[in-house]
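**Student:** this one's sequence-less:
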């Protein structure tokens, strides 16, 4: 009789998981989905996660708030799971949970890894740098979401040979011929309007208010029919983020005479977000260069491209990896507002081929993410190590 070969056991410790909504949460869900295909997976995650994990994944839930309570309970839960279940690998979903993953792995001699996003490498608090970055430096493998994040990891003292760059994936939806009219009708936007779209949390780094005051008026002079729609709200449960409130953005728009051109939509459902991407003429990503507050990747630019929608963005941080120059959009020198205006107007007047834009997005397919993740973590060799 042939013995059944044991599957690698992986323990994922994360604070970023549905029902929270955002790029990091979607990434961690897909990471769990990829791991469960070839491994036995257990997850330590915030309360509510069990209703959203991929089928067949066991979850130990811990309180989400406050942050100190989450960290304490996550460390205890991960340590307990490791001592009872003895995983071969303990994976931190971000730098925030790296100490919990490292401490849990010490119970059973498991290998360790962490997926880092950028901000989790730049926190300036001395305790964070002494404890969290030290844990990351002890990891067997660091997974970075972009080349910019990988460079930040090296800057903290992590050896380059232990770092793998694995960008998040994206799904390419089938074109929806009714989405454009449906979205515009729902939000009072003319079918003929030049619709600009921004998607993301309303933080200072995203630069929405500055775009409204410094770029949009110049675009409006060239394109009097322009409308600017913003999907997203102020951040909640973020490691560190300075917000731009919707009221402050509207006030800024009114101050330059463009209050009627703004649509602040807040957080919307997945189906409505697909409609927004299909309805827009151009995605804008005016992310700003801010010390110790980096844009690790720029997943929304890839999601826009998956819908055939081009992006104009400032070339900051990991955004450089997420926007293919002249393939999926334009990258503008940070702070060059006039250059941003020119790029927006040019792509409204001479848009890139949507098929070409989608092909760029397909280079970020989740299937590629899955393969890169398995290879970087050495899951095929877990049992032998």
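**Tutor:** Received it, and whenever you're ready, just let me know what you need. Owing to the predicted nature of the structure, the values given are computational and were not obtained by experimental measurement. Numbering: from 1, shown residues only.

**Student:** could you pull out the strands for this structure?
**Tutor:** Counting by DSSP state E, the segments of the chain that form strands are 9-13, 40-46, 58-62, 89-92, 111-116, 141-144, 163-165, 194-199, 226-231, 262-266, 282-285, 311-314, 329-332.

**Student:** tell me which of the ones you listed sits most buried.
**Tutor:** For the strands of the chain, the largest average neighbour count (mean count of other Cβ atoms under 10 Å) is found in strand 89-92, namely a mean of 30. C-beta here means a position set from N, CA and C on the backbone, and glycine is covered the same way.

**Student:** just how off-centre is that one within its chain?
**Tutor:** Put simply, strand 89-92 sits 20 Å off its chain's centre (Cα atoms, centre = their mean, to the nearest Å).

**Student:** repeat for stretch 326-345
**Tutor:** Centre-to-centre, stretch 326-345 and its host chain are 22 Å apart (Cα atoms, centre = their mean).

**Student:** quote the end-to-end distance of that stretch.
**Tutor:** 15 Å (Cα to Cα, to the nearest Å).

**Student:** list the contacts of that stretch.
**Tutor:** 196, 211, 214-215, 218-219, 222-223, 282-284, 286, 288-289, 301-302, 304-305, 310-316, 319-320, 323, 325, 346-347, 352, 356-357, 359-361 (Cβ atoms under 8 Å, 6 or more residues apart in numbering).

**Student:** if we can go back for a sec, out of the strands of the chain, flag the one nearest residue 25.
**Tutor:** Comparing those against residue 25 with Cβ to Cβ, the closest turns out to be strand 40-46 (10.0 Å).

**Student:** and the closest one, what does it pack onto?
**Tutor:** For strand 40-46, the contact count by 3 or more Cβ pairs under 8 Å, 6 or more residues apart in numbering; DSSP states H and E identifies strand 9-13, helix 23-38, strand 58-62, helix 67-85 as packing neighbours.

**Student:** the residue lying closest to residue 297 once chain neighbours are set aside: neighbour count?
**Tutor:** If the residues on either side of it in the chain are set aside, residue 297 comes closest to residue 318, at 3.9 Å by Cβ to Cβ, 6 or more residues apart in numbering. Neighbour count for residue 318, taken as other Cβ atoms under 10 Å: 27.

**Student:** again, but for residue 130
**Tutor:** Neighbour count of residue 130, defined by other Cβ under 10 Å: 9.

**Student:** quick check: the gap between it and residue 156.
**Tutor:** Separation of residue 130 from residue 156 (Cβ to Cβ, to the nearest Å) stands at 12 Å.

**Student:** contact partners for residue 190?
**Tutor:** Going by Cβ under 8 Å, 6+ apart, residue 190 touches 184, 225, 227.
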